[in-house]
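# next one to model:
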Amino acid sequence: MFETYQMLGREHQADLEREAQRVALARVVRRRRSYRLVLRSLRPRLAAMPARIPTLASTTERSRKT
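The predicted model follows:
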């Protein structure tokens, strides 16, 4: 009888672990989807920006030349 309950406990634990993995995967997918939606909404603004944004390295090089 004890073995039956032990087996049921293991199955229940495996079910809980699968559910935790499913929730974790759903969280990752939800984050990716929200990032995609944000990027999609920013696309027109990004297209309107200048092609080259000066970096810190390029600005320091210019300041050294002058």
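# the helix or strand hosting Glu19 - what's its average pLDDT?
Following DSSP states H and E, one finds Glu19 within helix 2-48. Model confidence over helix 2-48, given as mean pLDDT, is 86.
# how far does it sit from its chain's centre?
Offset of helix 2-48 from its chain centre (C-alpha atoms, centre = their mean, to the nearest Å): 11 Å.
# which strands or helices does that helix pack on?
Applying 3 or more C-beta pairs under 8 Å, 6 or more residues apart in numbering; DSSP states H and E, one finds that helix 2-48 makes contact with no other helix or strand. The C-beta positions use only the backbone N, C-alpha and C, and glycine is treated the same way.
# and stretch 32-50, C-alpha only, in PDB?
Output in PDB follows, covering the C-alpha atoms of stretch 32-50 (Å, rounded to 0.1, in the frame of the first residue of the first chain):
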ATOM      1  CA  ARG A  32       9.200  38.300 -26.100                       C
ATOM      2  CA  ARG A  33       5.800  39.200 -27.400                       C
ATOM      3  CA  SER A  34       5.700  42.400 -25.400                       C
ATOM      4  CA  TYR A  35       9.100  43.400 -26.600                       C
ATOM      5  CA  ARG A  36       8.000  42.700 -30.200                       C
ATOM      6  CA  LEU A  37       4.900  44.800 -29.700                       C
ATOM      7  CA  VAL A  38       7.100  47.700 -28.300                       C
ATOM      8  CA  LEU A  39       9.500  47.400 -31.100                       C
ATOM      9  CA  ARG A  40       6.700  47.400 -33.700                       C
ATOM     10  CA  SER A  41       5.300  50.600 -32.200                       C
ATOM     11  CA  LEU A  42       8.700  52.200 -32.200                       C
ATOM     12  CA  ARG A  43       9.500  51.200 -35.900                       C
ATOM     13  CA  PRO A  44       8.100  54.400 -37.400                       C
ATOM     14  CA  ARG A  45      10.100  56.500 -35.000                       C
ATOM     15  CA  LEU A  46      13.300  54.600 -35.600                       C
ATOM     16  CA  ALA A  47      12.800  54.900 -39.300                       C
ATOM     17  CA  ALA A  48      12.600  58.700 -38.900                       C
ATOM     18  CA  MET A  49      15.900  58.900 -37.000                       C
ATOM     19  CA  PRO A  50      19.200  59.700 -38.700                       C
END
